[in-house]
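Trainee: everything below, folded, please.
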Amino acid sequence: MFGPQHLPQVIRYLDGVDYALSQRMVRKHPPDEPALTNELCALLDAETQRAEGGLPYSVEQLNSDLSAVGDGLDFEVALGTYPHNSAMERYVSQSDFGLVLTYENRILPEESWSTAYLIQAKRLFRNAQSGEYDGRASFHAVNTDQQGRLNRLSKILGKDALRYGLYCPQTVSISGQTRMQVRALHSRNLSDQFYDFAAGLALRDTLRSNGGIDAGIWLRSIDSKPKGFLDLHAEAFRSALPFTWFVIEHFTPRVQGAFVGLTRRGHILAEVKSDQRLMGIVTGDQQAVRDLIDELAVAGEDGEVPSNITVLPRHTITIKVTVGKMLPPDSARAHID
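Mentor: Okay, here's the model as predicted:
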């Protein structure tokens with residue numbers, strides 16, 4: 001797991017990805033959700049980073065700094081792409097990308113785990129009257145039918161298996177009044193957090209040094225449809241977490257099987273569980289997807305279930321943290337009496 005000595009570097013890397021993607025949102029004509037998801041995958045991909053140099057702090061630099069700490073910790077990102085007809089989304093995953101988080105500890109293998117999520121991506125739209133990302137900017141591409149299908153899927157896989165992935169401009173790129181409103185909402189929500197353990201202390205340090213959280217990529221529960229920009233930030237660090245902190249919360253210590261720190265009151269993250277069925281769907285196992293189609297049909301999915309579906313979702317992002325990767329496999333494990 002990440003310790004306090006690792007978190008500044010990891011936060012710097014993930015925040016750099018967030019900033020680079022969120023800057024696309026301030027263009028005159030921002031990309032749509034599929035294009036933004038493609039960009040997110042490209043920004044996270046080490047090979048693309050080497051070819052394009054799009055990040056000031058790359059994953060290679062991150063791993064170099066982590067290696068210098070001397071704890072044998074390695075951070076990897078792998079991308080899988082599974083092409084399919086986009087019309088199939090409504091029948092199966094309702095997902096634009098899958099996210100797999102894996103922790104492999106070769107020194108203490110009993111602490112290893114892996115978990116997966118299906119992410120439905122939505123982007124923020126400017127207020128049509130002002131042409132700005134202000135208090136009336138909204139996620140108006142979300143519809144009731146789609147929310148209903150997400151709810152049906154959550155009854156089969158569990159609501160913790162699904163998240164909305166919301167693309168927004170960072171706070172620094174919006175007008176002064178809206179920025180002040182967002183910061184006030186963050187301050188309210190963070191004022192009663194438990195700033196302890198590695199994640200909580202890292203968040204406190206970030207708030208002290210930056211004056212606030214300037215995140216553009218948010219992962220939110222599917223309990224209800226995303227509405228407006230301020231509605232999202234009213235849920236910040238409760239039912240919604242920035243991408244950076246969503247990842248960090250998984251790779252920091254837990255107490256009594258539940259996350260502490262950022263999620264003590266918000267409960268956005270459940271206990272990390274290894275769900276092999278969900279993992280199969282997220283990583284493109286055709287039988288797992290076929291079984292899900294059949295179960296959705298029995299559950300009353302409207303329309304004809306397609307028979308030619310291959311694998312879902314379209315992309316899968318795997319973030320893997322490994323401890324002891326460079327050690328010989330037959331002697332890496334620490335035998336403790």
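Trainee: ok, Gln5 to Gly280 distance?
Mentor: Counting by Cβ to Cβ, to the nearest Å, the separation of Gln5 from Gly280 is 35 Å. Backbone N, C-alpha and C define where each C-beta goes, glycine included.
Trainee: show me the strands in the stretch 201-337 of the chain, by range?
Mentor: With strands called from DSSP state E, counting those that start in this stretch, the stretch 201-337 of the chain shows them at 217-220, 240-242, 315-323.
Trainee: the first one packs against which elements?
Mentor: With contacts taken as 3 or more Cβ pairs under 8 Å, 6 or more residues apart in numbering; DSSP states H and E, strand 217-220 sits against helix 7-22, strand 162-167, strand 240-242, helix 243-250.
Trainee: could you redo the last one with a cut-off of 10 Å?
Mentor: Using 3 or more Cβ pairs under 10 Å, 6 or more residues apart in numbering; DSSP states H and E, the elements in contact with strand 217-220 are helix 7-22, strand 113-123, strand 162-167, helix 229-234, strand 240-242, helix 243-250.
Trainee: and that strand, which strands flank it?
Mentor: Here strand 217-220 has these sheet partners by DSSP bridges: strand 162-167 (antiparallel), strand 240-242 (antiparallel).
Trainee: after the first one, next one along is what?
Mentor: This means strand 162-167. Sequence order places helix 176-190 as the next helix or strand after strand 162-167, per DSSP states H and E.
Trainee: ok so, going back, can I get the strands of the stretch 201-337 of the chain in CSV including distance to Ala334 and mean neighbour count?
Mentor: Formatted as CSV, those follow (distance: least, Cβ to Cβ, whole Å; neighbours: other Cβ atoms under 10 Å):
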stretch, distance to Ala334, mean neighbour count
strand 217-220, 34, 24
strand 240-242, 32, 24
strand 315-323, 10, 20
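Trainee: any chance of the helices and strands packed on strand 217-220 in CSV, plus distance to Asp285 and mean pLDDT?
Mentor: Listed next are the helices and strands packed on strand 217-220 as CSV, based on distance: least, Cβ to Cβ, whole Å; pLDDT from 0 to 100:
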stretch, distance to Asp285, mean pLDDT
helix 7-22, 27, 95
strand 113-123, 11, 91
strand 162-167, 18, 94
helix 229-234, 33, 96
strand 240-242, 28, 95
helix 243-250, 22, 93
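Trainee: compare these and give me the one nearest Glu33.
Mentor: strand 113-123 (4.4 Å; Cβ to Cβ).
Trainee: and that closest one, which residues are buried?
Mentor: Of all the residues in strand 113-123, those buried under the rule 16 or more other Cβ atoms under 10 Å are Ser114, Thr115, Ala116, Tyr117, Leu118, Ile119, Gln120, Ala121, Lys122, Arg123.
Trainee: check contacts around the closest residue to the last one other than its chain neighbours.
Mentor: Spatial nearest neighbour of Arg123, excluding adjacent residues (Cβ to Cβ, 6 or more residues apart in numbering): Tyr167 at 4.2 Å. Under the criterion of Cβ atoms under 10 Å, 6 or more residues apart in numbering, the contact partners of Tyr167 comprise 21-22, 24-25, 30-33, 36-37, 39-40, 121-124, 139, 216-218, 243.
Trainee: good, wrapping up.
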